[in-house]
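Asker: Sequence first, then the predicted structure:
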Amino acid sequence: MVTLTEDMRAVIQSAHLCFAATVTRGGHPNLSPKGTIRVWDDHQLFFLDIASPTTRENLRHNPYMELNVVEHLSRRGYRFFGRAELHHADPVFDEARRRVFAEEKTEYPVKHVVLLEVERADALISPGYLHIQSEAEMRRMWKERRATLDREFDHHASKFPFRPIGIADRGP
């Protein structure tokens, strides 16, 4: 079991978004973004299952998963591997919801909580550092680039506004 470092915790807190990799019954990869990733304790991570029927089904037949978390500006991140458990209507479910709702000042219709026991963690190192000498330089460059990308996407979104389907339409 891995003990989560201060750096791992800081990356997770900053990113607030991870990508969860599971495997379907047919052996195919399934990758799904999760916007509620948090540290549970020194050895476990969790996220709220708000609209993740495929992830949930995959974990029921194969409980192993990988969570990939990257702090976007520095390109610093980690891959967390381990065995996940689904929780519903139990103390883990209640505490996970309480933590996220208190921090985000909102509530979601949570179906389950996914709790991952971290068995292995690998650091991610961006190839961008082949051309950048420091993390400060990487962050400065990406802040400037991010501002340009945001302006470009704001223009696109003004012409083609997003109209989300209801989460309730996404399955049990």
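Answerer: Yes, it's here.
Asker: hey, let's count contacts and neighbours off CA atoms from now on
Answerer: Fine.
Asker: And the top helix by length along the chain, how far out from the chain middle?
Answerer: For the chain, the helix with the greatest residue count under DSSP state H is helix 135-159. Its chain's C-alpha centre and that of helix 135-159 lie 21 Å apart, by Cα atoms, centre = their mean, to the nearest Å.
Asker: Would you mark the buried spots in it?
Answerer: Of all the residues in helix 135-159, those buried under the rule 16 or more other Cα atoms under 10 Å are 138-139, 142.
Asker: Can you add distance to F162 and pLDDT and give those residues back as a markdown table?
Answerer: Below are these laid out as a markdown table (distance: Cα to Cα, whole Å; pLDDT from 0 to 100):
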| residue | distance to F162 | pLDDT |
| --- | --- | --- |
| M138 | 31 | 96 |
| R139 | 29 | 96 |
| W142 | 25 | 96 |
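Asker: Direction included, what does the longest strand along the chain pair up with?
Answerer: Secondary structure of the chain per DSSP state E: the longest strand is strand 112-125. Using DSSP bridges, strand 112-125 pairs in its sheet with strand 44-49 (antiparallel), strand 76-87 (antiparallel).
Asker: Could you let me know which of the buried residues of helix 135-159 ends up closest to T55?
Answerer: Ranked by distance to T55 (Cα to Cα), those are led by W142 at 31.3 Å.
Asker: quick one: contacts for the closest one?
Answerer: 73-74 (Cα atoms under 8 Å, 6 or more residues apart in numbering).
Asker: Ok, G35 next?
Answerer: Residues near G35 by Cα under 8 Å, 6+ apart: 16-18, 47.
Asker: Tell me the one among these nearest to D122.
Answerer: Distance to D122, by Cα to Cα, is smallest for C18 among these, at 14.5 Å.
Asker: now the longest helix of the chain against strand 76-87, angle please.
Answerer: 60 degrees (axes from the mean of the first three to the mean of the last three Cα atoms, to 10 degrees).
Asker: Surely H112 is in contact with D49?
Answerer: Yes: look at H112 against D49 with Cα atoms under 8 Å: they come within range, at 5.0 Å.
Asker: Between these two, point out the one with more neighbours.
Answerer: H112 (25 against 22; other Cα atoms under 10 Å).
Asker: still on that earlier bit, looking at the buried residues of helix 135-159, spot the one nearest N58.
Answerer: Distances from N58 to those, taken by Cα to Cα, are shortest for W142, at 35.1 Å.
Asker: Where do the domain boundaries of the protein fall?
Answerer: 6-125, 128-160 (automatic domain parsing).
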